[in-house]
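**Student:** Just the structure for this:
(2 chains)
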Amino acid sequence: DAGVIQSPRHEVTEMGQEVTLRCKPISGHNSLFWYRQTMMRGLELLIYFNNNVPIDDSGMPEDRFSAKMPNASFSTLKIQPSEPRDSAVYFCASSLGGRGEQFFGPGTRLTVL
Amino acid sequence: AQSVTQPDIHITVSEGASLELRCNYSYGATPYLFWYVQSPGQGLQLLLKYFSGDTLVQGIKGFEAEFKRSQSSFNLRKPSVHWSDAAEYFCAVGANSNYQLIWGAGTKLIIKP
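**Tutor:** Sure thing, here's the model as predicted:
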């Protein structure tokens, strides 16, 4: 298996622009997680899905952030409008069942100017 | 509430020396326990995990960890570190009631030549 795939790997955009991050989980996994990592705040869970349904989005910073999982093999995290404080590395992870072992993608490094 | 504490933000060890990274957790029942490693610019990779059974678990890259219920600890060890072990290490705790992991703040390992 190719593992969790994220795109793009790097994104540089200007404040106010819309940003869309993409994730393909490992085939057969039924849980998907979006994380944000910064030096100041460490690793933060933004949202997680189980069987394509959002279960907990309490970590989403504000309404500018939205996430979707239209099918078992694809998810997006959208920021609109983006702000400089959104600059971070965004990770997608997937897992199978309730055992909690998560497999991480390589991350998307987002820079908002 | 569940929590994970990694008391050391940075640890510096000489190449060839032994290593122990500390992790303490707070959880009412027996948790699932994980150690992940993150090399610079990379995603998180699972080193080892504990679900049940033998309290000493072996992982990849020569790492091991021991679950000590009485101390609520899950410390990571390696008998002899290599320069390639320089990375950040994260301890995480999961419950069998949901899919989330609670993450420690991470310990950055620096290797002296």
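
**Student:** which residue ranges form the strands in chain B?
**Tutor:** In chain B, the segments counted as strands under DSSP state E are B:3-5, B:10-14, B:19-21, B:24-26, B:32-38, B:44-50, B:56-58, B:64-68, B:73-78, B:87-94, B:101-103, B:107-112.

**Student:** Go through these and name the closest to A:Thr108.
**Tutor:** strand B:44-50 (14.1 Å; Cβ to Cβ). No exception for glycine: its C-beta is placed from N, CA and C like everyone else's.

**Student:** mind checking which of the strands of chain B is nearest A:Ser27?
**Tutor:** Where the strands of chain B are weighed against each other on Cβ to Cβ, the nearest is strand B:44-50, at 17.9 Å.

**Student:** Any buried residues in that closest one, and which?
**Tutor:** Taking 16 or more other Cβ atoms under 10 Å in any protein chain shown as the neighbour-count basis, strand B:44-50 is seen to contain the buried residues B:44, B:46-50.

**Student:** That strand vs chain A: in contact?
**Tutor:** Yes. Under the criterion of Cβ under 8 Å from any Cβ of the partner chain, chain A is reached by strand B:44-50 at B:44-46, B:49.

**Student:** The residue minimising distance to the centre of chain A: which element?
**Tutor:** Taking Cα atoms, centre = their mean as the criterion, A:Trp34 is the residue nearest the geometric centre of chain A, at 3.3 Å. With secondary structure defined by DSSP states H and E, A:Trp34 is part of strand A:31-38.

**Student:** mean confidence for that strand?
**Tutor:** Taken as a whole, strand A:31-38 has a mean pLDDT of 95.

**Student:** mind listing what the residue nearest the centre of chain B touches?
**Tutor:** With distances taken as Cα atoms, centre = their mean, B:Trp35 lies nearest the centre of chain B, 3.6 Å away. B:Trp35 makes contacts with B:21, B:23, B:46-49, B:59, B:63, B:65, B:74, B:76, B:89-92, as judged by Cβ atoms under 8 Å, 6 or more residues apart in numbering or on different chains.

**Student:** If anything else comes up later, I'll come back, but that's it for now.
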